[in-house]
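[1] Sequence isn't available, so here's the structure alone:
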C-alpha cells in the first residue's frame, strides 16, 4: 500500500510546478515547516510486550458524532485543482472511511456541490474577511446544509510570506504564462483537471469575484480581503450567525486556548498552519502537551502540521490530542490517484495506527497517553 512519501513522489511527477510548490511549501525559509516533521519524528514511542492486543478499537467521537478513527481531513485551499473536482472526491473517501471532511473557504468545489455529491455534509472552514456580508452568507449556507462544525481559522490576519509561490508562477510577474507553460508539460493533469475538471471558479468565493475566475482574480481578492483587525470580539459575531459546534483553528499558545474556551468554542485545532504562516514559530508537537493539559477536559483538542504516518497520529494522541486533521498527506494522495488515492491514504493511516497501538501495548485510544512515550517526551512542552 502506498505511503505518504509514495503519494508525494507521484504528485510531484503529475502536477504542474506551481501547484506542487503551493502544496509543498511553507513561509519564509520554511524552518517551521521542517520543525513540524522533525519534532514529531524524534519522539520515541515506548514499546510494550505481552499485553494481549488481539482486539484494538480505533473508534471515537468528536463533538458527539461517532467516527471510525481519530483522524479527519483538514481544510486545504485549492484542493480541487489537484484532481478533477478534487474536494468532492476527497469528501466521498472520507465519508466511506467514517471520518469528517472539512471544506476550505477557498475550495474549488463549493459547499452545495460537496454536500450534494459526497453523501454527507462536510465541516466548513471559515476565514475572517473584510466582507461581513459574504461571511454571513457562507455561514448561513453551512448552517442550512447541516455542516457538523464551523472551523474558524484565526492565524491568518495576513497571508504568510511564501517565496515559493513567486518562484513557481502561482503569483508574481508573468504568472499566467508560466502556469500555462507548466500545465502543457503535464498532459495527464491538463486533461483530467485543466479541461475536464472545470469550472475552476472557486465555488465559495465566486459570487464576490464579480465574474472573474482566474488565479489572478482569486489571489487579488485574497490579498485585499483578509482582515488584520480580527480580534476575540469577532467570535461574538460568529456566534450570532452560527448555532452549531465551533472549533477555533490556529491555536499555538496556552492563553489563546483558554480564551477560546472562555468564549464558548467547543474545540481548538493546535496548529501553525502547516508552517505556512509565521516562519520561526514553535512546532505543533512541542506546544500541544501544554495546550491539551490546559483545556482538554472541557473541549475537543485536535492537532495538525507534520503528520505523515499512523505512528505520527499515535504521537499526537500521546501528547494530548483527541485527534488529528490531515493536510498535505491527503492532498498528495488526491493528486496521485484521485479519490482512490485518498482512500488508500486513509487505509494506510488506519493500518499504521493500529499496528503502532499493538506494538505499544494499547488496545483503546484512551490508553494512549504520555506514558506511551519514552520519558524525554512526557513534559508539557518537551
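    Sure thing, it's come through. It should be emphasised that the depicted structure is a prediction, and the values quoted were computed from it without experimental measurement.
[2] Distance-wise, check residue 29 relative to residue 280.
    The gap separating residue 29 from residue 280 is 9 Å, by CB to CB, to the nearest Å. (C-beta placed from N, C-alpha, C; glycine too.)
[3] same check, this time on residue 237
    31 Å.
[4] ok, now residue 372?
    Taking CB to CB, one finds residue 372 at 30 Å from residue 280.
[5] of the two, who's got more company?
    Taking other CB atoms under 10 Å, residue 372 and residue 280 do not tie; residue 372 has more neighbours (23 against 12).
[6] so what's the more buried one closest to, chain neighbours aside?
    Spatially, and ignoring its direct neighbours in sequence, residue 372 is nearest to residue 318 (4.5 Å; CB to CB, 6 or more residues apart in numbering).
[7] Run through the residues that contact the one you found.
    Going by CB atoms under 8 Å, 6 or more residues apart in numbering, residue 318 touches 43, 45, 368-370, 372-373, 377.
[8] Counting neighbours, which of those residues comes out on top?
    That'd be residue 368 among the contacts of residue 318, by other CB under 10 Å, with 25 neighbours.
[9] Please verify my assumption that that residue contacts residue 358.
    No. Applying CB atoms under 8 Å, one finds residue 368 not in contact with residue 358, separated by 12.0 Å.
[10] one step back: lowest-confidence one in the contacts of residue 318?
    Among the contacts of residue 318, residue 377 has the lowest pLDDT, at 63.
[11] can you pull out the strands in the protein?
    60-62, 65-67, 71-73, 102-103, 123-127, 150-153, 246-251, 267-270, 300-303, 323-326 (DSSP state E).
[12] quick one, which of those is nearest to residue 338?
    Of all those, strand 71-73 sits nearest to residue 338, with 14.2 Å by CB to CB.
[13] Which strands or helices does the closest one pack on?
    For strand 71-73, the packing partners by 3 or more CB pairs under 8 Å, 6 or more residues apart in numbering; DSSP states H and E come out as helix 86-97, strand 323-326, helix 328-359.
[14] Most tightly packed of these?
    Most buried of the helices and strands packed on strand 71-73, by mean neighbour count (mean count of other CB atoms under 10 Å): strand 323-326, with a mean of 27.
[15] circling back to that earlier point, can you list the contacts of residue 318 in a markdown table and add distance to residue 195?
    Listed next are the contacts of residue 318 as a markdown table, based on distance: CB to CB, whole Å:
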| residue | distance to residue 195 |
| --- | --- |
| 43 | 45 |
| 45 | 46 |
| 368 | 46 |
| 369 | 51 |
| 370 | 51 |
| 372 | 49 |
| 373 | 49 |
| 377 | 49 |
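[16] Run through the stretch 101-250 of the chain and note the low-pLDDT ranges.
    210-222 (pLDDT under 70).
[17] ranges for the helices of it?
    For the stretch 101-250 of the chain, applying DSSP state H, counting those that start in this stretch gives helices covering 111-118, 132-145, 163-168, 175-184, 187-189, 215-225, 234-241.
[18] Would you mind giving those as CSV with distance to residue 291 added?
    Putting those into CSV (distance: least, CB to CB, whole Å) gives the following:
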stretch, distance to residue 291
helix 111-118, 30
helix 132-145, 26
helix 163-168, 29
helix 175-184, 38
helix 187-189, 39
helix 215-225, 28
helix 234-241, 18
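[19] Identify whichever of these lies nearest to residue 314.
    Nearest of the helices of the stretch 101-250 of the chain to residue 314, taken as CB to CB: helix 111-118 at 28.0 Å.
[20] Show me what the closest one is packed up against.
    Contacts defined by 3+ CB pairs under 8 Å, 6+ apart place helix 111-118 against helix 86-97, helix 132-145.
[21] Just give me how far the longest one sits from the chain centre.
    A distance of 21 Å separates the centroid of the chain from that of helix 132-145, by CA atoms, centre = their mean, to the nearest Å.
[22] residues touching residue 364, list them.
    56-57.
[23] Distance check, it against residue 45.
    In terms of CB to CB, residue 364 sits 16 Å off from residue 45.
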